[in-house]
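>>> The following comprises the amino acid sequence and a computationally predicted model.
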Amino acid sequence: MSDLEEAVRALEERVRELEDTLAISRLVATYGPAVDSGADDVAADLWTEAGVYDLGHRSMDGAAAVAEMVRGDGHQQLIHNGAAHMLGPALVHVDGDRAVATCYSNVFRYVDGGFETWRTAANRWDLERTAEGWRATRRTTRLLDGNDESRELLRRAVTPD
């Protein structure tokens, strides 16, 4: 292979990694506006059909379960009273057709004429490239309440295996 061919191949790999990182960052950023607007189909489409959203105290198994959560009474009450799910920026590691994105999330809610932080958590998104683009196979969310599991989730982002 010539030097030019090697340079072009290296550039193609770098562009693909940048495109993947941007697509994954957009996926993570889409979650908040999707759930805050009640767009259950958009929220569900972030996951594979068998994807899992693990909150620790609760797990949603499958994209349909995510959509059901968005349509549920508890979530609908939250967004109709005023809420904002803020995620990111994500630290993204791409490895071929698999990736991991780690970020913080904050959920703010409107209470008594002002906003309060309701939840702050660490999030790990395990993703895979599908025919439709990047999708989550698992999202693990742990409250940042001093527990070891949330710190370990964050540590893994900065010291990958």
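Yep, that arrived. Numbers count the residues shown, from 1 in each chain.
>>> Quick check: Gly82 touching Val107?
No - assessed by Cβ atoms under 8 Å, Gly82 is found out of contact with Val107, at 11.4 Å. All C-beta atoms are positioned from the backbone trio N, CA, C, and that covers glycine.
>>> Show me which of the two is the more surrounded one.
Comparing Gly82 with Val107 by neighbour count (other Cβ atoms under 10 Å), the higher total belongs to Val107, at 19 against 13.
>>> Could you check how far Glu128 is from Ile24?
Per Cβ to Cβ, to the nearest Å, Glu128 is found 11 Å from Ile24.
>>> hey, where'd the helices end up in the protein?
3-37, 40-44, 63-71, 73-81, 148-158 (DSSP state H).
>>> quick one: buried residues of the longest one?
Neighbour counts using 16 or more other Cβ atoms under 10 Å place 20-21, 23-25, 27-32, 34-36 of helix 3-37 among the buried residues.
>>> Let's check: the centremost residue of the chain is which one?
Nearest residue to the geometric centre of the chain (Cα atoms, centre = their mean): Val28, 3.9 Å.
>>> ok, that residue to Thr21 distance?
11 Å.
>>> List the contacts of Leu91.
Shown in contact with Leu91 (Cβ atoms under 8 Å, 6 or more residues apart in numbering): Ala101, Thr102, Cys103, Ala157, Val158.
>>> confidence score at it?
Looking at Leu91, its pLDDT reads 97.
>>> so what's it bridging to?
Here Leu91 shows beta-bridge partners Thr102, assigned using DSSP bridges.
>>> Where does the prediction get shaky in this structure?
160-161 (pLDDT under 70).
>>> which residues are common contacts for Glu128 and Ile24?
By Cβ under 8 Å, 6+ apart, the residues touching both Glu128 and Ile24 are Ala99, Trp134.
>>> beta partners for Trp125?
Here Trp125, judged by DSSP bridges, has bridge partners Ala101, Arg139.
>>> I'd guessed it sits against His93; true?
No - Trp125 is not in contact with His93 according to Cβ under 8 Å; the separation is 10.7 Å.
>>> what is in contact with those two at once?
Jointly contacting Trp125 and His93 under the rule Cβ under 8 Å, 6+ apart are Val100, Ala101.
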